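Colleague: Next comes the sequence, and after it the predicted model I'd like to discuss.
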Amino acid sequence: MFCLRNCNIVGLGERDVLFDSKIRKIGKNLRADESFDARGMLLLPGLIDSHVHFREPGGEQKEGWETGSRAAAHGGITCVLDMPNTSPPTTSVAALEEKRRLVSKRSIIDYGLHFGATSANVPEIMRAKNIPAIKVFLGSSTGSLLLDENVHAVFAAAKKKKKPAFVHAEDEGAIKRFGDVFRKRAAANPRTYSAASIHSMVRSNAAAAEAASRALRIAEKTGNRIHLAHCTTAQEAEIIAYAKKKGVHVTMEVTPHHLFLTSDDMKKLGNYGKVNPPLRSLKDVDALWAALRSGVVDTIATDHAPHMRGEKEADYWAAPSGMPGVETMLPLLLNAVSKRLLALEDVQRLCCENPAKIFGVKNKGRIAAGCDADMTIVDLRLAKKVRSEELLTKCKWSAFEGMPLKGWPVRVWSRGAMVFDGETIIPHEGREASFD
């Protein structure tokens with residue numbers, strides 16, 4: 001048994017926490033053979049990142065479960081839910097079982113594996129066991145996961161399984177139309193129309209809003225739960241708020257890069273800022289913050305999707321979309337707390353409690369007796385800059401390079417085992433979380 005002494009817990013104040021693999025007791029003047037005095041520090045539940053791309057199988061040159069899980073632990077995250085657009089994609093029970101076998105040997109933290117929907121795999125969806133959600137891609141660049149015609153059938157299957165449909169909402173037709181227009185312009189004027197700054201025009205606000213509206217209309221008709229991924233626009237925030245008032249079972253996700261960066265940053269970042277959906281205008285970012293404060297936003301997740309520097313340094317049309325995020329999400333949010341942009345209660349709700357509720361992650365997301373001892377100690381006074389050379393993600397870069405942030409994780413436990421001691425990652429056997 002281990003005791004964390006004098007730690008500050010959101011909603012409780014200063015307390016001791018007694019734990020082994022589970023949290024056994026929370027109180028004052030508790031004792032154990034081993035202890036750590038956390039006076040002056042904050043104790044959070046280990047964060048649940050419900051949207052990561054750890055690339056394996058098939059993309060190990062960009063990231064893998066060993067490097068990705070180590071990076072997540074470094075960032076205070078103790079459970080990740082991985083997306084299905086790997087190679088091969090996780091769209092069959094056979095692929096799911098093979099991925100489980102692979103991940104069980106590599107991850108140092110706990111995990112879940114989202115199941116991908118295609119136009120022809122509803123029987124596989126119905127057979128899949130212990131999955132957090134069914135991922136539905138309405139945008140481009142997702143290969144066999146691109147889903148357009150059979151959304152109704154997939155949503156109905158999700159409802160039968162009592163799982164949320166996790167939707168990437170960008171309108172394929174609009175993206176193709178604008179892409180064709182800008183490719184033609186690039187042929188005549190490559191300097192202007194091959195710059196990363198056009199990304200938010202190729203993948204426009206309208207493309208995101210139309211797809212979100214369509215997904216919500218189908219969800220209202222089928223009655224299933226829907227979780228809208230990485231929302232970026234004022235229009236989406238307004239549409240989702242209205243749908244919630246109508247009683248549609250919708251939850252809304254935003255990412256740190258869409259909260260803390262704008263399309264203006266593309267001038268500096270170039271393709272390192274190229275993500276799907278794109279970075280948006282300050283007006284859109286302000287709308288996301290307003291939605292967060294009003295309770296319309298339900299989760300913050302990283303959409304951790306790393307690519308190597310060489311890939312990002314290609315021209316705009318060839319460079320892949322995506323950026324790393326598991327090591328910077330918590331410091332970015334804690335820094336925002338220091339600036340009074342949000343409260344510690346918001347961080348815990350959006351990154352711990354709500355992901356556990358929405359995806360049915362059992363025994364995680366709370367500091368409470370009986371829960372898994374997934375915990376992150378934070379030093380709210382620790383101030384330092386984001387440094388790429390200190391990152392553990394395989395790609396070794398960050399869009400937030402050089403940004404000074406106040407508030408960093410300094411101790412992390414996964415089911416009672418310390419996986420980060422403030423300096424070193426400690427090996428641990430991660431397990432698949434329970435969702436059924």
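Modeller: Alright, I've got the coordinates. Numbers count the residues shown, from 1 in each chain.
Colleague: Any stretches of the stretch 51-200 of the chain with poor pLDDT?
Modeller: Counting by pLDDT under 70, the stretch 51-200 of the chain has low-confidence residues at 139-149, 194.
Colleague: contacting residues around stretch 272-286?
Modeller: Applying CB atoms under 8 Å, 6 or more residues apart in numbering, the contact partners of stretch 272-286 are 139, 141, 168, 170, 196, 199-200, 202-203, 205, 208, 230, 232-234, 257-259, 261-266, 303, 305, 312, 316, 319-323, 397, 399. Backbone N, C-alpha and C define where each C-beta goes, glycine included.
Colleague: How far does that stretch stretch from one end to the other?
Modeller: 22 Å (CA to CA, to the nearest Å).
Colleague: now the strands for the stretch 101-250 of the chain?
Modeller: Along the stretch 101-250 of the chain, counting by DSSP state E, counting those that start in this stretch, strands occupy 110-113, 115-116, 134-137, 165-168, 226-228, 250-254.
Colleague: can you list the ones you listed in a markdown table and add mean neighbour count?
Modeller: As requested, the strands of the stretch 101-250 of the chain are exported to a markdown table (neighbours: other CB atoms under 10 Å):
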| stretch | mean neighbour count |
| --- | --- |
| strand 110-113 | 25 |
| strand 115-116 | 29 |
| strand 134-137 | 27 |
| strand 165-168 | 28 |
| strand 226-228 | 27 |
| strand 250-254 | 24 |
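Colleague: So residue 406, which state does it fall into?
Modeller: Assigned with DSSP: H, G, I helix; E, B strand; the rest coil, residue 406 falls in the strand class.
Colleague: hang on, the earlier thing: of the contacts of stretch 272-286, buried ones?
Modeller: Buried members of these, counted by 16 or more other CB atoms under 10 Å: 139, 168, 170, 196, 199-200, 202-203, 205, 208, 230, 232-234, 257-259, 261-263, 265-266, 303, 305, 312, 316, 319-323, 397, 399.
Colleague: out of the strands of the stretch 101-250 of the chain, which comes closest to residue 212?
Modeller: strand 226-228 (5.9 Å; CB to CB).
Colleague: So which residue is dead centre in the protein?
Modeller: Nearest to the mean C-alpha position of the chain, counting by CA atoms, centre = their mean, stands residue 301 at 2.7 Å.
Colleague: In space, what's closest to it - neighbours in sequence excluded?
Modeller: Excluding its sequence neighbours, the residue lying closest to residue 301 (CB to CB, 6 or more residues apart in numbering) is residue 51, at 3.7 Å.
Colleague: related to what we said a few turns ago, which of the strands of the stretch 101-250 of the chain sits closest to residue 407?
Modeller: In terms of CB to CB, the element of the strands of the stretch 101-250 of the chain nearest to residue 407 is strand 250-254, at 19.1 Å.
Colleague: what helices or strands is the next helix or strand after the closest one leaning on?
Modeller: Following strand 250-254 in sequence order, the next helix or strand is helix 256-260 (DSSP states H and E). Applying 3 or more CB pairs under 8 Å, 6 or more residues apart in numbering; DSSP states H and E, we find helix 256-260 packed against helix 282-294, helix 329-338.
Colleague: what residues does the next helix or strand after the first one touch?
Modeller: Using DSSP H and E, the helix or strand that follows helix 282-294 towards the C-terminus is strand 299-300. Taking contacts as CB under 8 Å, 6+ apart, the residues outside strand 299-300 that touch it are 50, 227, 251-256, 259, 329, 333, 350-351, 354-355, 358.
Colleague: Quick check: the farthest pair among the residues you listed?
Modeller: Largest pairwise distance in those, by CB to CB, is 19.6 Å, between 227 and 333.
Colleague: contacting residues for the spatially closest residue to residue 102 that is not a sequence neighbour?
Modeller: Nearest residue to residue 102, sequence neighbours excluded (CB to CB, 6+ apart): residue 57, at 6.1 Å. By CB under 8 Å, 6+ apart, the contact list for residue 57 reads 86, 87, 88, 98, 99, 102.
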